[in-house]
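1. based on what follows, work out the 3D shape:
(2 chains)
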Amino acid sequence: MALMNYAQAACQALAEAMRADERVVALGEDLGRGGVFGQYRGLQQEFGAARVIDTPISEATIIGAAVGMALTGLRPVVEMRVVDFALCAIDEIVNQAAKNRYMFGGQGRVPLVARLPIGIWSGSAAQHSQSLEAWFAHIPGLVVVAPATPADNCGLLAAAIACGDPVIYMEHKELWGLEAEVPPQHTAALGKGHIARDGTDLTLVTWSSMVHTALAAAGQAALQGVSVEVIDLRTIWPWDRELVLASAARTGRLLVAHEAVQAAGFGAEVAATVAEELGVPVRRVGAPRIPVGYARTLEDVARISAQELLRELKLFVGSEGRGRSMA
Amino acid sequence: MPASIPAVNASPAEHLLALYRTMARIRAFENAAEEASRGSVAAFGAASDTAALVRGPLHLSTGQEAVAAGVCANLARSDYLTSTHRGHGHTLAKGADSAAMMCELFGRAGGTNKGKGGSMHIADFAVGMLGANGVVAAGIPIAVGAAHSAKIRGSRAVVACLFGDGAINRGPFVEGLNWAKIFELPLLFVCEDNRYSATTATGAMTAGAGAAARARGIGLPADTVDGNDVLAVDTAARDLIARIRSGGGPQFLHALTYRVKGHVSVDAAAYRDQGELQRALEGDPLKLAGLQLAALGVAAERISAVDTEAQAEIEAALAAAHAAPPPEPTEAYADVQDTGAGQWR
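-> So this is what the prediction gives:
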């Protein structure tokens, strides 16, 4: 076991992939200096500037070039700094990377990993704080991953690089410094969630940074007699339906929480599926449909706190079959 | 090597005849595709006919054959090419099979793309043709990546990136040229200038001195050539590709041609001055090459024999497409992705 932070864990996974396979390359802005969050530290020194490529601020071409590289025998890992900047490359992600294999009849494959860090990141306001996982989950052809822990940021990044299809890999910007043990040779499978805390009264499905908020709320709820099972989805598409349905069938209630705007968020997909399949009460907690404001008082309105989540959990368990529940 | 590449050390007449053959095959293909696309899509005042054999928007390169033939004559099968929504000619000239291409336009299982792409996404990776593209300028970053990949892998491959005059007003043009230059990539940019951006004359929408000047502004050597003169395109492409192969970095070719048809096959291009079209037709690339062949002493019978062969090839392609079965509906779920495909709605 090694203690490392979320950024170091990803760096280790990428370094191991690059040592094992010379087709793996990394490209993006400022990678030679370790990347804006230090998640590429030391890689250019080890692998050289031809494989850890500093690029111009040209998001469309960073992703588009990665498509061309992937089609011609490389396995590029692409850095977008923040998901908000990837919106400058939305054609390259949605029309090119995601569609290539299908529209050309399976002639080519696009094994690229696009790292699109998400989330509220203290004081970075409306254009550096979004969580847009639902956008990409909506696009056939893409895999969407959102790791919550250092171990998963190591194991899932390795799995994403090994995946033969384009992966939208969404690290959370407030998790970079989070330290935890990463087991040696740690692996994680795409499409598999895991139960982060066992419980019996309610299933709370979440991902990314919100896992930690959910665990804090569940801990508080336990002290107040409410037993919450927390599922870390880890992969948004394909999401682990079996795990979620089995848990919700046991507990009889499903709450989905995410940092993204609640309206048309991926929580709606999870909640609707559970309601359709099981008929159990479902609820959602997500951000209000507002941009993230700069001032702390405004940012806090867009942020889901453990206290707010605890309130929703208690309300849900205490009001089964009434209020906002859908069933 | 694609059959369209002239033999090394061929006589000038045989060399030109090979280029002419490529152009004749493209012309015959485009004419047949146009005919099969009547009623393909409801646009430009035309009604959709559900019986149309070629469905959807069909962008014809009729009159632009010299660019495809002249550039591709200088590419090996192992070289790459990215194309545009008007890409049949590029695909054929790069060496794709005309019957597989026609099957694709007809939406048949045996098409180059198994009927999943149609005209706008036609591709043949086996001959290095990395795809037509439904989005203007979208092939540029992909070509940049293929060239960067060749450099990283130590491959000798060169990439030809073909795009239209409309593409120079999109961001990926600037991004892609800049990237190719700073990394000195083995990449030939070819602006196939047919003077129209959809239904609008590009000149009215383009500031400054045009494509070549923009390329030079980014530090790329740029040549401008008569894109209807296949020998001129061939000569320019040969020189530029030789420079690329000898480590000279990315090069730029601005080929001036003319879009004889409308934006799509059902577009009669009524917005265009008919005198302009007539003048353009006088410079038709096949007509011009025919005159050059005659001047080189090639008998008219040999030229018409090439036309006849091309016509016969495309008629066979049409017959194959008519006879081919459509893809099974289950194929709709294939080749989406391995992880998370088609498991549920």
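
2. residues in contact with the residue in the stretch 201-327 of chain A that chain B sits nearest to?
-> Going by Cβ to the nearest Cβ, chain B is nearest to A:Pro238 of the stretch 201-327 of chain A, at 2.9 Å. For every residue, glycine as well, the C-beta is placed using N, CA and C. Taking Cβ atoms under 8 Å, 6 or more residues apart in numbering or on different chains, we find A:Pro238 in contact with A:Val143, A:Leu190, A:Gly191, B:Thr339, B:Gly340, B:Gln343.

3. next, the buried residues of stretch A:254-271.
-> Across stretch A:254-271, burial judged by 16 or more other Cβ atoms under 10 Å in any protein chain shown covers A:254-262, A:265-271.

4. now do stretch B:53-66
-> Buried residues in stretch B:53-66, counted by 16+ other Cβ under 10 Å: B:53-66.

5. narrow these to those in helices?
-> Of these, the ones assigned to helices by DSSP state H are B:Glu65, B:Ala66.

6. need the max-distance pair from the buried residues of stretch B:53-66.
-> B:Arg55 and B:Ala66 (28.9 Å; Cβ to Cβ).

7. re the thing from before, now which of the contacts of A:Pro238 would you call buried?
-> Among the contacts of A:Pro238, those classed as buried by 16+ other Cβ under 10 Å are A:Val143, A:Leu190, A:Gly191, B:Thr339, B:Gly340.

8. what sits closest to the first one if chain neighbours are left out?
-> Right, the one you point to is A:Val143. Nearest residue to A:Val143, sequence neighbours excluded (Cβ to Cβ, 6 or more residues apart in numbering or on different chains): A:Val167, at 4.5 Å.

9. residues near that neighbour, how many?
-> When neighbours are counted by other Cβ atoms under 10 Å in any protein chain shown, A:Val167 registers 31.

10. again with A:Val182
-> Number of residues near A:Val182 (other Cβ under 10 Å) recorded here: 24.

11. kindly report the same for B:Ser40.
-> Counted by other Cβ under 10 Å, the residues lying close to B:Ser40 total 25.

12. for the residue nearest to A:Val143, give me its contacts.
-> Remark: with contacts taken as Cβ under 8 Å, 6+ apart, A:Val167 is in contact with A:Leu112, A:Val113, A:Ala114, A:Leu142, A:Val143, A:Val144, A:Val145, A:Ala160, A:Leu190.

13. surely B:Gly166 touches B:Ala198?
-> Yes: the criterion here is Cβ atoms under 8 Å, and B:Gly166 meets it with B:Ala198 at 7.2 Å.

14. where does the residue nearest to A:Arg109 when sequence neighbours are not counted land in three-state SS?
-> Take A:Arg109 and drop its neighbours on the chain: the residue closest to it by Cβ to Cβ, 6+ apart is A:Gly164, 5.2 Å away. Under DSSP: H, G, I helix; E, B strand; the rest coil, the three-state class of A:Gly164 is coil.

15. burial measure for A:Gly164, as a count.
-> A:Gly164, neighbours per other Cβ under 10 Å, totals 15.

16. would a markdown table of the contacts of A:Val167 with distance to B:Gly95 be doable?
-> As requested, those are arranged in a markdown table below (distance: Cβ to Cβ, whole Å):
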| residue | distance to B:Gly95 |
| --- | --- |
| A:Leu112 | 27 |
| A:Val113 | 32 |
| A:Ala114 | 32 |
| A:Leu142 | 32 |
| A:Val143 | 34 |
| A:Val144 | 37 |
| A:Val145 | 39 |
| A:Ala160 | 35 |
| A:Leu190 | 37 |
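
17. out of the residues you listed, which sit inside strands?
-> Per DSSP state E, strands hold the following members of these: A:Val113, A:Ala114, A:Val143, A:Val144, A:Val145.

18. circling back: rebuild the buried residues of stretch B:53-66 as CSV, extending it with distance to B:Pro326 and pLDDT.
-> Shown next, in CSV, are those (distance: Cβ to Cβ, whole Å; pLDDT from 0 to 100):
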residue, distance to B:Pro326, pLDDT
B:Leu53, 11, 93
B:Val54, 13, 94
B:Arg55, 11, 93
B:Gly56, 15, 92
B:Pro57, 20, 94
B:Leu58, 18, 95
B:His59, 23, 97
B:Leu60, 24, 98
B:Ser61, 26, 98
B:Thr62, 27, 98
B:Gly63, 32, 98
B:Gln64, 30, 98
B:Glu65, 30, 98
B:Ala66, 35, 98
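
19. and the buried residues of stretch B:53-66 as TSV, adding distance to A:Val226?
-> Below are the buried residues of stretch B:53-66 laid out as TSV (distance: Cβ to Cβ, whole Å):
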residue	distance to A:Val226
B:Leu53	64
B:Val54	63
B:Arg55	58
B:Gly56	56
B:Pro57	58
B:Leu58	62
B:His59	62
B:Leu60	67
B:Ser61	67
B:Thr62	72
B:Gly63	74
B:Gln64	70
B:Glu65	74
B:Ala66	76
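
20. so which of the buried residues of stretch B:53-66 is the closest to chain A?
-> For the buried residues of stretch B:53-66, the minimum distance to chain A (Cβ to the nearest Cβ) is 12.6 Å, reached by B:Gly56.

21. run the contact check for stretch B:133-149 versus chain A.
-> Yes: using Cβ under 8 Å from any Cβ of the partner chain, stretch B:133-149 reaches chain A at B:133-135, B:138, B:140-149.

22. list the contacts for the residue most central in space within chain B?
-> Against the mean C-alpha coordinate of chain B, by Cα atoms, centre = their mean, the closest residue is B:His90 at 2.9 Å. Taking Cβ under 8 Å, 6+ apart as the criterion, B:His90 is in contact with B:Ser61, B:Ala68, B:Val71, B:Cys72, B:Leu81, B:Ser83, B:Thr84, B:Met129, B:Ala132, B:Leu162.

23. low-confidence ranges, the stretch 151-300 of chain A, go.
-> Confidence mapping of the stretch 151-300 of chain A against pLDDT under 70 gives zero matching residues.

24. what residues does it put near chain B?
-> Residues of the stretch 151-300 of chain A lying close to chain B (Cβ under 8 Å from any Cβ) are A:Cys163, A:Gly164, A:Asp165, A:Pro166, A:Leu190, A:Gly191, A:Thr235, A:Trp237, A:Pro238, A:Arg241.

25. for A:Asp30, state which of those is nearest.
-> Checking those one by one against A:Asp30 (Cβ to Cβ), the nearest turns out to be A:Pro166, at 22.7 Å.

26. how about the strand or helix carrying A:Ala86 and chain B, touching?
-> A:Ala86 is part of helix A:83-86, with elements assigned from DSSP states H and E. No: among the residues of helix A:83-86, none lie within reach of chain B under Cβ under 8 Å from any Cβ; the closest is 13.4 Å away.

27. so B:Pro57 makes contact with B:Ala132?
-> No: look at B:Pro57 against B:Ala132 with Cβ under 8 Å: they stay out of range, at 11.7 Å.

28. how close does B:Gly63 sit to B:Ala280?
-> According to Cβ to Cβ, to the nearest Å, B:Gly63 and B:Ala280 sit 7 Å apart.

29. between those two, what contacts are shared?
-> The contact lists of B:Gly63 and B:Ala280 share B:Tyr258, B:Val260, where a contact means Cβ under 8 Å, 6+ apart.

30. got a winner among the contacts of A:Val167 for most neighbours?
-> Counting neighbours by other Cβ under 10 Å, A:Val145 comes out on top of the contacts of A:Val167 with 31 neighbours.
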